[in-house]
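Engineer: show me how the following folds:
(one chain, ligands or ions: 2)
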Amino acid sequence: MHANIFAHRGASKDAPENTMAAFHLAYEQGADGIETDVHLTKDHIPVLMHDERINRTTNGAGYIKDYTLGQLQELNAGSWFSPEFARSRIISLEEFLEWIQDKPLYLNIELKNNNIDYNQLEHIVYDRILDYHLLHRTTLSTFNPTSVRRLKYLNRTIGVALLTSKRYKNIVTAAKDLGANAIHIKYRLLNQLLVDQCHQENIAIRVFTVNKPQHMLRSFSMGCNGIFTDVPEMAVRCRNQLND
Ligand code: G3P
Ligand code: MG
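Structural biologist: Residues are numbered from 1 along each chain as shown. Ligands and ions are numbered 1, 2, ... in the order given. As a prediction, the model looks like this:
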């Protein structure tokens, strides 16, 4: 089986996460898809960033939800990583979709609504994806089970994944009950029984964040449908090694 390699926040070991530089690099390194995280600005525009706050990855401070897109785009989103990325800025979901539209890449857009449940986030993101005709190669994921339900209610054909970094009593049953198509789990929760259960129930299983070759090889050998990695180049090499 061919597992997909998703660049986690782009090629985020070699470029600042969730910036165009990281996405370009992921594509160059041979990733099959890109994982990115989305929040809403004060003017209700979806933007790509991992944290709710801009402190760690920009020269600003405070919550994304308290700034307009225009204000956020004045910030430097690259120098925290390395001076060579001083021109990197926060990008909107729309800019990302525009870029990815003509590339043969899958999309995994993670709704960051587990700490702040942004009003209408599901609807706004879904509409943007439709605008760019990208629904067929997009998976939306979230740690928020209620949001999984809302997405499925919008359109039951959307590919939706339930994310978890915690042990559920029965994650496969939970995912099925919510109508999810996939589970995205933390690497330490991975075991063969879980992979087999998922496949029996026709639920895809992908693993984050897999940055060590031995963990990549184990995930691929177990039959995972995909991995999320900060180092897509290494993952491509590992997968080739298994297929040789
Ligand atoms: O979507 C997989 C992974 O990105 C989930 O965790 O915190 O890196 O967004 P996090
Ligand atoms: Mg994420």
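
Engineer: now the longest strand that the chain contains: average pLDDT?
Structural biologist: In the chain, with assignment by DSSP state E, the single longest strand is strand 33-40. In this model, strand 33-40 has a mean pLDDT of 98.

Engineer: output the contacting helices and strands for it.
Structural biologist: Strand 33-40 sits against strand 4-8, helix 20-28, strand 46-48, helix 93-100, strand 106-111, helix 121-131, with contacts defined as 3 or more CB pairs under 8 Å, 6 or more residues apart in numbering; DSSP states H and E. Just so you know, the C-beta spots here come from the backbone N, C-alpha and C atoms, and that holds for glycine as well.

Engineer: so which bits of stretch 223-240 are buried?
Structural biologist: Across stretch 223-240, burial judged by 16 or more other CB atoms under 10 Å covers 224-236, 238-239.

Engineer: from those, which are also near ligand 1?
Structural biologist: Near ligand 1, judged by CB under 6 Å from any ligand atom, the entries from the buried residues of stretch 223-240 are Phe228.

Engineer: how close does the residue sitting furthest away from the middle of the chain get to Asp102?
Structural biologist: Distance from the C-alpha centroid of the chain, by CA atoms, centre = their mean, peaks at Asp244 (28.7 Å). Per CB to CB, to the nearest Å, Asp244 is found 31 Å from Asp102.

Engineer: chain center to stretch 113-130: distance?
Structural biologist: Relative to its chain's centre, stretch 113-130 lies at 14 Å (CA atoms, centre = their mean, to the nearest Å).

Engineer: quick check: end-to-end length of it?
Structural biologist: 20 Å (CA to CA, to the nearest Å).

Engineer: any idea how far Met234 is from ligand 2?
Structural biologist: The spacing between Met234 and ligand 2, counted by CB to the ion, to the nearest Å, is 19 Å.

Engineer: likewise Glu84?
Structural biologist: Plainly put, Glu84 is 24 Å away from ligand 2 if you go by CB to the ion.

Engineer: tally of neighbours for that residue?
Structural biologist: Residues near Glu84, counting by other CB atoms under 10 Å, number 12.

Engineer: so what's it up against?
Structural biologist: Residues near Glu84 by CB atoms under 8 Å, 6 or more residues apart in numbering: Gly78.

Engineer: ok, 10 Å please
Structural biologist: By CB atoms under 10 Å, 6 or more residues apart in numbering, the contact list for Glu84 reads 15-16, 21, 78.

Engineer: most surrounded residue in those?
Structural biologist: Highest neighbour count within the contacts of Glu84, by other CB under 10 Å: Ala15, with 25 neighbours.

Engineer: Leu163 in helix, strand or coil?
Structural biologist: At Leu163 the chain is in strand, as set by DSSP: H, G, I helix; E, B strand; the rest coil.
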